[in-house]
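S.K.: Here's my sequence, what's the structure:
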Amino acid sequence: MLSDNELIKKAKAGDSIALDALMSRYKSLASKIARNYFLIGGDYDDLVQEAMIGLYKAYTSYDTSSKTSFSTFAHMCITRNVQSAIKIANRKKNAILNQSVDILKQSDTLVSPNPSPDEKLIQNENIESIKQNIQGSLSKFEQQVLSMFLKGYSYKDIATKLSVTNKSIDNALSRIRKKLSFLME
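M.R.: A predicted model of the protein is given here:
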């Protein structure tokens, strides 16, 4: 059985089997750390995924000549990544967007399962009214950003797809929050 340092060196040299072995070796640690936390609006699997991302970050940034063992370094990176994800999820500035659905695409989630014809007409009118208010409030760019954000794209992915900077995406989402605050009233 290879040591952590040997696996890391092989993985960094392009050996995907070594990377898989390293990730498998520490998956239980990631799961154990994730069990100690709670993510509002998420579940245990989301936290395990964040823990695994932290483990991957540990692998990519670990220096095999370091006096600190990889297991200690991995524990720290996993814990920090999980805590960071929780802090980001709990920020009030993201509340409107984190609790929202893509009304422009998924309006069927807002209707009751068996509405009467009258209820269905009213629901459709309400949904159309909300869509028009959103579309009337947001620029085309902001609509694109909101749609991609609600689909789960990261700031970086949105910026790349729209050929703008991360700061432009952050600014757009801030404007969107302000413009759509009327929905929360």
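S.K.: Do a quick rundown of the helices in the chain.
M.R.: Using DSSP state H, the helices assigned to the chain run over residues 4-12, 16-34, 44-61, 70-90, 95-98, 117-137, 140-150, 155-162, 166-179.
S.K.: what pLDDT, on average, does the last one get?
M.R.: So that's helix 166-179. Taken as a whole, helix 166-179 carries a mean pLDDT of 85.
S.K.: what packs against it?
M.R.: helix 95-98, helix 140-150, helix 155-162 (3 or more CB pairs under 8 Å, 6 or more residues apart in numbering; DSSP states H and E). Every C-beta, even on glycine, is put in place using the N, C-alpha and C of the backbone.
S.K.: could you redo the last one with a cut-off of 10 Å?
M.R.: In terms of contacts (3 or more CB pairs under 10 Å, 6 or more residues apart in numbering; DSSP states H and E), helix 166-179 is packed against helix 95-98, helix 117-137, helix 140-150, helix 155-162.
S.K.: ditto for the third one
M.R.: Contacts of helix 44-61 with other secondary structure elements, assessed using 3+ CB pairs under 10 Å, 6+ apart, are made with helix 4-12, helix 16-34, helix 70-90.
S.K.: pLDDT below threshold where in the protein?
M.R.: Within the chain, the ranges that satisfy pLDDT under 70 run 40-41, 92-115, 120, 123-124, 126, 129-130, 181-185.
S.K.: out of the helices and strands packed on helix 44-61, which comes closest to Ile53?
M.R.: When the helices and strands packed on helix 44-61 are compared by CB to CB, helix 70-90 sits nearest Ile53, at 5.6 Å.
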